[in-house]
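Colleague: Need coordinates for the following:
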Amino acid sequence: MSWASAFRLRQYVKASLWITPLFGLVLGVVLAELAIAADSSDWPPGGWRYSATTASGVLSSIVGSMVALLGFVVTIGVLVIQQATGTLSPRYMRLWYRDRLQKAVLATFTGTFAFAFSLLRSIESNSVPDLGVTLAGAAVAVSLLLLLIYLNRFTHNLRPVAIADLVGRMGEDVFEHGTSTARASAPHHGEPEPGGRTTVVRATGSGALQALHMAGLAALAACHDCVFTVPHVIGDYVPRGAVLVEIHGGTSTPDNARVTGLIALGAERTIEQDPAFALRVLVDIAIRALSPAVNDPTTAVQVLNHIESFLTRIGQSPLPGRYVLAGDDGRPRLVLRGRAWEDYLQLAVSEIRDYGATSTQVCRRLRALLDGLLDSLPATHHPAVRAEVDLLGESVERAFPDAARRAVAQMADSQGVGGRSRPGR
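Modeller: Residues are numbered from 1 along each chain as shown. This is a model prediction of the structure:
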């Protein structure tokens, strides 16, 4: 199995809602067999012994209740999908499917069901699995506790601001990991020297560029004494037949299948190596809140808080737009395209500015965000920020023809409306 196939398999497992519950089902059957085998005449104590009728009734009730609870959780999941798709962002669903608590709840319910159902077959008039019945009752208590935690978590964490906080932190973590990997793999001998023949590897399928195995590509290039250049940014859609990798120089030509096996294409973007995908989700949540059907600019302002944190973190790191990674020999072997600061900034503010142009608090919060970036980021990033300030000013001019209202909308306010406002720069 190639690295790309293994990556896609991991993505499928992470997003799957049936694999973990299947393990719970199998584990429940195994534990039931162990409980039957461990049952003895001197344990449990006399107060914990059951008649055949009682044990059968208890286990039958547990089986029925677990099926009902599974249906309840599935119903909640359907409602979450409807809410998230309608009021948040369909892109967020790819992250929600990975929630470990949800999978643990489903696995516990299926495991308890399988455990109780397996015990039922061992009940006879003169033989009752007392230990198993007791453990089944304990499993029900654990299941109910997990259900309450599950309900509490999704009741609080499905608010747009909570999701924005979660997605923003995920994006920052991915960015930090990616930049640290690039710094650690930087070559000691500078840029690759141009020259030699150039061949290309074309995509055998189509899809979004989800991830690539940087160490594997650099090692493969070192084996053939060449330099790989990937002309696409993580998240780009690559059609079938497009150039996937350019190979410069080399003593031999790498096998195309080995090269494509180190680059994962899929149906949609993932967050593993794509911090801009997290920013895309944040912007989606904000502009949906600004749609006429929802008309909730305060949510957009709250999301802008996390967008500002994200931009500040990214803007404080070098963004060369082109990354050169070394192989084991320390020589340049892999050249990757990266997003420049202007790309992140435009993604973060342009659509929110367009959709929120008529909202006073959105315009004021955007102005405060841009002023904050001017205060916290190095001077090299200031031209792009000032360009966005000018675009915001033009948008306010068009949306507020009245001079008094225009003056209010042009003020910077970190709360949108109601905070400490100050004239824009």
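Colleague: Dead centre of the chain: give me the residue that sits there.
Modeller: Against the mean C-alpha coordinate of the chain, by C-alpha atoms, centre = their mean, the closest residue is residue 95 at 4.2 Å.
Colleague: Need the residues that contact the helix or strand hosting residue 12.
Modeller: Using DSSP states H and E, residue 12 maps to helix 3-15. By C-beta atoms under 8 Å, 6 or more residues apart in numbering, the residues outside helix 3-15 that reach it are 1, 19, 94, 97-98, 210-211, 213, 216, 260-266, 270. For every residue, glycine as well, the C-beta is placed using N, CA and C.
Colleague: Could you identify the buried members of those residues?
Modeller: Using 16 or more other C-beta atoms under 10 Å as the burial test, these include 94, 210-211, 213, 216, 260-266, 270 as buried.
Colleague: Report whether the expected contact of the residue nearest to the centre of the chain with residue 269 is present.
Modeller: No. Checked against C-beta atoms under 8 Å, the pair residue 95 and residue 269 is beyond contact range at 11.3 Å.
Colleague: ok, back up a step: spatially, which two of the buried ones among the contacts of helix 3-15 are the most separated?
Modeller: 94 and 216 (24.6 Å; C-beta to C-beta).
Colleague: So which bits of the helix holding residue 12 are buried?
Modeller: 3-4, 7-8, 11, 14.
Colleague: what does stretch 237-256 give?
Modeller: Buried residues in stretch 237-256, counted by 16+ other C-beta under 10 Å: 238, 244-250, 254, 256.
Colleague: next one: that stretch to chain centre, how far?
Modeller: How far stretch 237-256 lies from its chain's middle: 29 Å, per C-alpha atoms, centre = their mean, to the nearest Å.
Colleague: Please name every helix or strand in contact with the helix or strand containing residue 245.
Modeller: Assigned by DSSP H and E, residue 245 falls within strand 243-249. The helices and strands touching strand 243-249, judged by 3 or more C-beta pairs under 8 Å, 6 or more residues apart in numbering; DSSP states H and E, are strand 198-202, strand 226-230, helix 256-260.
Colleague: quick one: terminal-to-terminal distance for stretch 284-302?
Modeller: Length of stretch 284-302, first residue to last, C-alpha to C-alpha, to the nearest Å: 13 Å.
Colleague: meant to ask about stretch 327-343
Modeller: One end of stretch 327-343 sits 29 Å from the other (C-alpha to C-alpha).
Colleague: One more: stretch 10-19?
Modeller: One end of stretch 10-19 to the other measures 12 Å (C-alpha to C-alpha).
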